[in-house]
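**Q** Return a 3D structure for these sequence lines:
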Amino acid sequence: MKTLDNKVAVITGGGSGIGAEIARLFAQHGAKIAILDRDAAAGDGVVGRLQATGTVAIFRAVDVTSSESMRIAFDSIVDELGGIDILVTAAGILDEKPFVDMTEHDFDRTIDIDLKGVFLAGRWAVDHMKQRGGGRIINIASQLGIKGGTGLVHYVAAKAGVIGMTKAMALELAGENILVNAIAPGPIETPLLNGVTEEWKKAKQKELPLGRFGTPAEIAPTALLLASSPGGDIYVGQTLGPNSGDVMP
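**A** Down below sits the predicted model:
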């Protein structure tokens with residue numbers, strides 16, 4: 001058997017970047033995949049490539065900030081694929097702006113997508129996981145949620161919130177055999193980095209002991225570890241840091 005045979009994995013933000021690569025790796029290891037994304041073309045593209053390899057894969061267009069949109073999507077996934085075993089919350093946005101220029105709208109939009117979206121995904125996944133006797137939730141945070149970063153107050157606040165929420169969820173849900181953990185990557189070469197300037201990226205790269213940004217393919221194996229058994233069986237409320245050495249807890 002493959003590592004994730006007969007498991008159903010839901011991946012928010014699975015249309016590109018880290019989410020898409022996690023979907024590919026999970027599918028390679030036997031999982032059925034449900035991609036949730038606001039970009040229908042990107043989501044359909046990922047699903048089409050997965051289906052071409054023989055993977056059972058579906059796409060749902062969602063607004064991760066809408067409770068009703070998320071509830072309907074999760075219910076429909078269960079109707080079509082039979083349940084939910086794994087949730088990866090990879091949906092997020094990033095834009096650089098000095099704190100003194102940041103508007104309330106800028107702040108609220110990032111918190112809604114990068115933090116509230118994680119809450120809503122978990123909220124609507126957990127009841128379905130309980131019906132399966134357990135599950136795994138893997139929240140994609142950021143190393144900036146641990147150390148901070150210039151021009152990114154809203155993003156840092158959201159990602160710090162994801163790390164804290166992961167710990168609280170883990171404490172509540174471990175007794176239900178639902179293991180909740182986070183991954184806090186360093187800068188990764190994905191479309192998300194289009195939201196910061198070249199100056200920011202060059203300065204950040206110089207700070208990294210490894211001297212380079214990571215790739216989605218270097219993050220996905222951490223998600224596979226947390227989703228698998230026995231590999232992920234005793235990770236509870238942890239934040240794993242594939243971050244090019246930017247944070248060393």
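**Q** And residue 54, which helix or strand is it part of?
**A** For residue 54, there is no host helix or strand (DSSP states H and E).
**Q** try the one 5 residues further on
**A** Using DSSP H and E, residue 59 sits within strand 57-61.
**Q** Show residues contacting that strand.
**A** Strand 57-61 has contacts (CB atoms under 8 Å, 6 or more residues apart in numbering) with 23, 27, 32-38, 40, 43-44, 46-47, 50-51, 73, 76-77, 80-81. To be clear about C-beta, it is placed using only N, CA and C from the backbone, and glycine gets the same treatment.
**Q** Tell me the helix or strand right after that strand.
**A** Following strand 57-61 in sequence order, the next helix or strand is helix 67-81 (DSSP H and E).
**Q** related to what we said a few turns ago, how big is the angle separating the strand holding residue 59 from helix 67-81?
**A** Going by axes from the mean of the first three to the mean of the last three CA atoms, to 10 degrees, strand 57-61 is angled at 160 degrees with respect to helix 67-81.
**Q** looking only at pLDDT, what's the mean for strand 57-61?
**A** The average pLDDT within strand 57-61 is 98.
**Q** go on, stretch 115-129?
**A** Stretch 115-129 comes out at a mean pLDDT of 98.
**Q** Also stretch 165-181?
**A** The average pLDDT for stretch 165-181 rounds to 98.
**Q** again with stretch 89-105
**A** The pLDDT scores in stretch 89-105 average 97.
**Q** where does that stretch sit relative to the chain's centre, distance-wise?
**A** Chain-centre distance of stretch 89-105: 18 Å, with CA atoms, centre = their mean, to the nearest Å.
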